[in-house]
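Student: Build me a structure from this.
(one chain, ligands or ions: 1)
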Amino acid sequence: MSSYTARDITVLEGLEPVRKRPGMYIGGVGTAGLHHLVWEILDNAVDEAMNGFASNINVTLHADGSSITISDDGRGIPVDRHPTTKKSALEVIFTMLHAGGKFGHGTYKTAGGLHGVGASVVNALSTELRASVRRDGVLWEMAFRRGRPTGALKKAGSARGTGTTVYFHPDPTIFPKVEFEAATIRERLEVVSYIHKGVRVSFENEVERTKDVFQHEQGLSDYLKRIVTERGARPAHELVFTLERESDPRIDLVLQWTEATDEHIRSYANGIPTGSGGTHENGLRSGLGKAIRNFIETHNLSPKGVTIAAEDIREGLTGVLSVFIQEPQFQGQTKDRLNNPELTSAIDAAVRPALEHWLNHNRSVAEAIVGRIILAARAREASRAAQAEVVRKTATSGRLNLPGKLSDCTAAGREDSELFVVEGDSAGGSAKQGRDRVRQAILPLRGKVMNTEGLTLAKVLENKELSDLVTALGCGMGRTFELSKLRYGKVVILADADSDGHHIATLLLTFLYRHLPQLITSGKVFLAQPPLYRIDIGKETFWALDDAHRDTLLKQPRNGRGTPEITRFKGLGEMMPKVLWETTLNPRTRRLLRVEIADRIVTDRVINELMGKDASARFRFIMERAEEAQELDV
Ligand code: 0R9
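Tutor: I've put the predicted structure just below:
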């Protein structure tokens, strides 16, 4: 019996491009791409809530860690047959590209994502997808495999209430690693509950057997409270500025100045995080700047002898901006920058009068804010001279005054050159002797690098080790940063394979993430993987990265080759230059780990908790994960 029907052909034709080029639809097949599948189905549930038909969304990460169920209590996807395709709406949205929002069920607000093609893209990239719908007292079910129906839409029983449930398991032949990150999903769900106030979002994690329920009646104001507390920033005033504009574009905004030294704005377009900002953030900054300047001028509050710069106005500013627009245009390598030009003036025009009105009606708050701004301007002018001096030394133009301890390579400036940042002089010595002098430069750092979390740029640059590193990189930092001036194609952190080494790598990554984030987001930063053990079995030598790797190697059959001899390296400095070359430096034999950021907000929080000043946050973080740390290397 042939199982190849006409229906299968159209389906195959419909979704084949997605399986051939998944990257075109979900950005890639790495961790971010995998999670994109969740966001697509989640968006459909959120759309139904946004349109006022659903109030509960439940997400379950199943015990296998690689499959997900999402459900909503909305109207249920329509199951009646579509007049032209003769298929149910449900089948159409799961099997055809460009179906969904344009399906003809009236005007339907979409939260974003792939304009209704999301369901079919997820289906195409899943080994199994099951959709069930509760509608008109009936439970309907339909199942698919790699985008193709495995049977017809059928009645599976009776049902109370209405809603849609989608279960899917991503295809391991498409995604090299099908393993969801609970923290990333959890964070996204909580953000959904802030952006869509009142919606109840639950997350059941069957891997760790935990359940969270998120519901925030105050929406973004609750979110802001959480951000300010988490960052350990003291508010400069109590009352929060809020703006809620219903009409197109829908704008939700909350702002509060704090005593922190940096600006922290989180922005979203149609519920999608825009970590790299864009036109909506530009509109906010310009409207905000004008409102504050106007208020200062109108009330004659200008300080004598200091000029207020835009950055002074925004120092310590913490806020969340969420916009909803018809056709969001996302830009950049990670598609996290919004590029709708019309938004800048629309947001500027909405923010400016609203903020000015608020300042005028809350005079004591306004004065606290202006006082904070004037203080920032004075502090900036006082430290400008000192900072200029350090920045000048880290010269970003002309002849570089390279640090004395840098052993540069002759190919510096070329894409195939590499800078190894090495812990300690002795390790630096081995690396210097073992390296490829043409393409590999070595910068040894003495002892522990300073913890830069929460420090200002000027403070960071006072540190010799870090300012040497910035000089060697050549790309400047802060406002003088220019990626095109980076002197190496790769920046590789080379630290011992033990806990001290991990600590140093963490400190360096904290510095890079906070002060040179573009190096990480452009994929230039790597971690070298030096071995911790050498295992000699007969005439053969093996290298093990850690204890687990050592045990795997020792379990292999020996075929009478004698007893293994195991050497544990005390540090890189102990390793012969030739061995270091063979195991860690030689591009043909080594393994480098590229440093990637799956979720900026989760990363931000983890760094803040682990590296920040608040010891109790660090304690909580460690205690919550105590079970994961089975063996401590002390
Ligand atoms: C668990 C994830 N939820 C969904 O995927 C989901 C899609 C969806 C939906 C509608 C209602 N709930 C949903 N949940 C819907 C219903 C109706 C009209 N438009 C949308 C209606 O009852 O008239 N749909 C999203 C797209 C489609 N339905 C459609 F194209 F099939 F109509």
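
Student: and the closest residue to T410 other than its chain neighbours, what is it in contact with?
Tutor: Of all residues not flanking T410 in the chain, V438 sits nearest, at 5.1 Å (Cβ to Cβ, 6 or more residues apart in numbering). All C-beta spots, glycine's among them, are computed from the backbone N, C-alpha and C. V438 makes contact with C409, T410, A411, according to Cβ atoms under 8 Å, 6 or more residues apart in numbering.

Student: residue furthest from the geometric center of this structure?
Tutor: For the chain, the largest distance from the centre (Cα atoms, centre = their mean) belongs to G560, which lies 49.9 Å off.

Student: What segments of the stretch 301-450 of the chain are helices?
Tutor: In the stretch 301-450 of the chain, the helices defined using DSSP state H, counting those that start in this stretch lie at 310-314, 342-361, 363-393, 425-434.

Student: To the ligand, which of those lies closest?
Tutor: With respect to the ligand, and counting by Cβ to the nearest ligand atom, the nearest of the helices of the stretch 301-450 of the chain is helix 342-361 at 25.8 Å.

Student: Give the other helices and strands that the closest one contacts.
Tutor: strand 241-245, strand 250-257, helix 279-298, strand 317-324, helix 363-393 (3 or more Cβ pairs under 8 Å, 6 or more residues apart in numbering; DSSP states H and E).

Student: change it to 7 Å
Tutor: strand 241-245, strand 250-257, helix 279-298 (3 or more Cβ pairs under 7 Å, 6 or more residues apart in numbering; DSSP states H and E).

Student: any chance of these in CSV, plus distance to G476, mean neighbour count and mean pLDDT?
Tutor: Shown next, in CSV, are the helices and strands packed on helix 342-361 (distance: least, Cβ to Cβ, whole Å; neighbours: other Cβ atoms under 10 Å; pLDDT from 0 to 100):
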stretch, distance to G476, mean neighbour count, mean pLDDT
strand 241-245, 34, 18, 97
strand 250-257, 29, 23, 97
helix 279-298, 22, 20, 97
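
Student: Pipe those into JSON lines and attach distance to the ligand per row.
Tutor: Output for these, formatted as JSON lines (distance: least, Cβ to the nearest ligand atom, whole Å):
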{"stretch": "strand 241-245", "distance to the ligand": "25"}
{"stretch": "strand 250-257", "distance to the ligand": "19"}
{"stretch": "helix 279-298", "distance to the ligand": "26"}
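
Student: right, and the ones you listed - which one's nearest L317?
Tutor: strand 250-257 (5.5 Å; Cβ to Cβ).

Student: what does the next helix or strand after the closest one rub up against?
Tutor: Downstream of strand 250-257, the next assigned helix or strand under DSSP states H and E is strand 264-269. Outside strand 264-269, the residues within contact range by Cβ atoms under 7 Å, 6 or more residues apart in numbering are 112, 195, 227, 231, 274, 277, 280-281, 318-323, 325, 328, 338.

Student: returning to what we had before: mind checking which of the contacts of V438 land in strands?
Tutor: Nothing among the contacts of V438 maps onto strands, per DSSP state E.

Student: Strands along the stretch 401-550 of the chain, start to end?
Tutor: 418-423, 440-445, 490-494, 525-528, 533-537, 540-544 (DSSP state E, counting those that start in this stretch).

Student: In TSV: the ones you listed, plus mean pLDDT and distance to the ligand.
Tutor: As requested, the strands of the stretch 401-550 of the chain are exported to TSV (pLDDT from 0 to 100; distance: least, Cβ to the nearest ligand atom, whole Å):
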stretch	mean pLDDT	distance to the ligand
strand 418-423	94	46
strand 440-445	94	50
strand 490-494	95	42
strand 525-528	91	37
strand 533-537	89	48
strand 540-544	86	45
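
Student: out of the ones you listed, deepest packed?
Tutor: Ranked by mean neighbour count under mean count of other Cβ atoms under 10 Å, those are led by strand 418-423, which reaches a mean of 26.

Student: strand partners of that strand, parallel vs antiparallel please.
Tutor: Strand pairing for strand 418-423, determined by DSSP bridges: strand 440-445 (parallel), strand 490-494 (parallel).

Student: Next, the angle helix 425-434 makes with it.
Tutor: Compare the direction of strand 418-423 with that of helix 425-434 by axes from the mean of the first three to the mean of the last three Cα atoms, to 10 degrees and you get 150 degrees.

Student: Quick check: which of the helices and strands packed on helix 342-361 is nearest to T69?
Tutor: Evaluated over the helices and strands packed on helix 342-361, closeness to T69 peaks at strand 250-257, with 29.1 Å, by Cβ to Cβ.

Student: So which residues make contact with the lengthiest strand in the chain?
Tutor: The single longest strand within the chain, with elements called by DSSP E, is strand 126-135. With Cβ under 7 Å, 6+ apart as the test, strand 126-135 has contacts from 76-77, 79, 90, 94, 122-123, 139-146, 159, 161-171.

Student: thinking G147 is in contact with M96, fair?
Tutor: No. Using Cβ atoms under 7 Å, G147 makes no contact with M96, being 9.9 Å away.

Student: ok, back up a step: tell me which of the helices and strands packed on helix 342-361 lies nearest to I41.
Tutor: strand 250-257 (22.6 Å).

Student: Report the strands that pair with the closest one, each with its relative direction.
Tutor: With DSSP bridges as the test, strand 250-257 is paired with strand 241-245 (antiparallel), strand 317-324 (antiparallel).

Student: could I get those strands as JSON lines with distance to P353?
Tutor: Putting these into JSON lines (distance: least, Cβ to Cβ, whole Å) gives the following:
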{"stretch": "strand 241-245", "distance to P353": "10"}
{"stretch": "strand 317-324", "distance to P353": "17"}
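
Student: Residue of the stretch 151-300 of the chain closest to the ligand, please.
Tutor: Nearest to the ligand, among the residues of the stretch 151-300 of the chain, is T164, at 3.7 Å (Cβ to the nearest ligand atom).

Student: Among the helices of the stretch 301-450 of the chain, show the one with the smallest mean pLDDT.
Tutor: When mean pLDDT is averaged over each of the helices of the stretch 301-450 of the chain, helix 363-393 scores lowest at a mean of 77.

Student: so how far is stretch 319-330 from its chain's centroid?
Tutor: Distance of stretch 319-330 from its chain centroid, counting by Cα atoms, centre = their mean, to the nearest Å, is 17 Å.

Student: Show me which positions of it end up buried.
Tutor: Buried residues in stretch 319-330, defined by neighbour count with 16 or more other Cβ atoms under 10 Å: G319, V320, L321, S322, V323, F324, I325, P328, F330.

Student: how about low-confidence regions in this protein?
Tutor: 1-13, 98-116, 383-400, 447-448, 559, 598-602, 604-607, 609, 613-634 (pLDDT under 70).

Student: Get me the contact residues on it for the ligand.
Tutor: By Cβ under 6 Å from any ligand atom, the residues of the chain that approach the ligand are 41, 44-45, 48, 70-72, 74-78, 89, 93, 100, 103, 105, 108, 119, 164-166.
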